[in-house]
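A.B. asks: build me a structure from this.
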Amino acid sequence: MDHIQEFLIKYCHDFLKQDSVKMLHVVTRHEAFSELKKVSLETICENPDLLFGSDKFFSLEEDVLTMILKCGNLNMDEGIIWDRLIKWGIAQHPKFKSDVTKFTNEDFETLKKTLHELLQFVRFHQIDKEQFITKVWPFRRLLPDNLIEDILRCHLVPSAAPLYIFLIRNWSTIYSIDSVLMNKEIAKLFIKWIDKKSGDNKKRSKNNRYEFNLLFQRSRDGLTSQAFHQKCDNKGATIIVGKVSNSNRLVGGYNPLDWNGNGQYKDTTDSFIFSLDNLNDPQQSSKIGRVNHNHSTNAIYCHNGYGPTFGGGHDLYAPNNNNYWQFNTNSYANINVSGSVSISDYEAFQIVKKN
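C.D. replies: Numbering: from 1, shown residues only. Modelled structure (predicted):
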């Protein structure tokens, strides 16, 4: 049995990717798999989409779902946890209508009983106000009135402390982020790219934590390249995030070095550029272009008269005092963005890794 468990532990991520629900049901029902159970939970907490994004998620047994929600390091936005939990509860009752506005009093009471034990593990005060209104408010009848009032009070009065204390979910990869363009799900995707992690990469970095320090915001600091360099030079690794005008598309790039220098190319194989179209599902809508190794000497271009610029050619170039970024596939893999692209705003973050 030991050698079987060792084999399963070694390829735990692969087995969870194939059928996370079946594997969790097995390892939680047999004491002999205690070590595999521990590794499986750690893997799910680090990569929750393996379970919550599975088409078999709705068949997960309640006790297993409870065990996962109890984890303090589940690396998942609380609003998304709530959304998946509600959909899980509804899936247990196939006769429910898909439109919540058509729910009867009996439907709400049934759903409330189904989710009664699970709701206590949702950190409602960590759900932002937009998600609260769009995701939680339609199902407010599932929650006690005093809890709803307390959440509203905290959203309306930012300095107010919650009267109902819940455990704070410990984000395993992100300390904090101050951004008008991206959310934590996007930041977590960036971290995977920075760590060069993928579903097939067994390198674990669960003890690594990151700070995203906002250095520059075009709408706040202006269009000039001088303003960019004044804020971002001598700051080490940075990630640039720009929003394409009149769309939900984000584009940008990661510089693992710095922006110091005037008319100087810098050599690295760790930089990348990217585009993504769906802010709520960045993993599925993203395109990353890593620097080609034979072009690594031209990976980053630093110039006082230029904003952030990647690659020889250039693959991504932010001109001085101009809303239009230029894209030209040369030193990086293609991200399906080319020519002149209007950018409504962009931000630059210093990336600080904490071990």
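A.B. asks: residues in contact with stretch 219-237?
C.D. replies: Identification of contacts with stretch 219-237 by C-beta atoms under 8 Å, 6 or more residues apart in numbering yields 180, 215-216, 238, 254-260, 303-308, 318-323, 345, 348, 350-352. From N, CA and C alone the C-beta is placed, and that goes for glycine too.
A.B. asks: tell me the mean pLDDT for the longest strand anywhere in the chain?
C.D. replies: For the chain, the strand that runs over the most residues, judged by DSSP state E, is strand 339-354. The predicted model assigns strand 339-354 a mean pLDDT of 92.
A.B. asks: pick out the residue closest to the middle of this protein.
C.D. replies: The residue lying closest to the centre of the chain (C-alpha atoms, centre = their mean) is residue 185, at 1.6 Å.
A.B. asks: what about that residue, which helix or strand?
C.D. replies: Secondary structure assignment for residue 185, by DSSP states H and E: helix 184-194.
A.B. asks: elements contacting that helix?
C.D. replies: Packing partners of helix 184-194 (3 or more C-beta pairs under 8 Å, 6 or more residues apart in numbering; DSSP states H and E): strand 174-177, strand 209-217, strand 250-255, strand 272-276, helix 282-285.
A.B. asks: nearest to residue 25, out of those?
C.D. replies: Counting by C-beta to C-beta, residue 25 lies closest to helix 282-285 out of the helices and strands packed on helix 184-194; the figure is 25.0 Å.
A.B. asks: what's that closest one in contact with?
C.D. replies: Taking C-beta under 8 Å, 6+ apart as the rule, helix 282-285 contacts 49, 185-186, 189, 276-278.
A.B. asks: list the buried residues in it.
C.D. replies: residue 282 (16 or more other C-beta atoms under 10 Å).
A.B. asks: pull up the pairing partners for the helix or strand that comes right after that helix, direction included.
C.D. replies: Once the chain leaves helix 282-285, the next helix or strand it forms, by DSSP H and E, is strand 286-290. Looking at strand 286-290 with DSSP bridges, its partner strands are strand 272-276 (antiparallel).
A.B. asks: okay, the strand it pairs with in CSV with CA atoms only?
C.D. replies: The C-alpha trace of strand 272-276 is given here as CSV (Å, rounded to 0.1, in the frame of the first residue of the first chain):
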residue,chain,number,x,y,z
PHE,A,272,7.1,38.0,-21.0
ILE,A,273,4.3,40.0,-22.6
PHE,A,274,0.6,39.1,-22.5
SER,A,275,-3.0,39.7,-23.5
LEU,A,276,-6.2,38.6,-21.8
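A.B. asks: for that strand, the averaged confidence score.
C.D. replies: pLDDT averaged over strand 272-276 gives 96.
A.B. asks: check stretch 102-117 too.
C.D. replies: Across stretch 102-117, the average pLDDT comes to 95.
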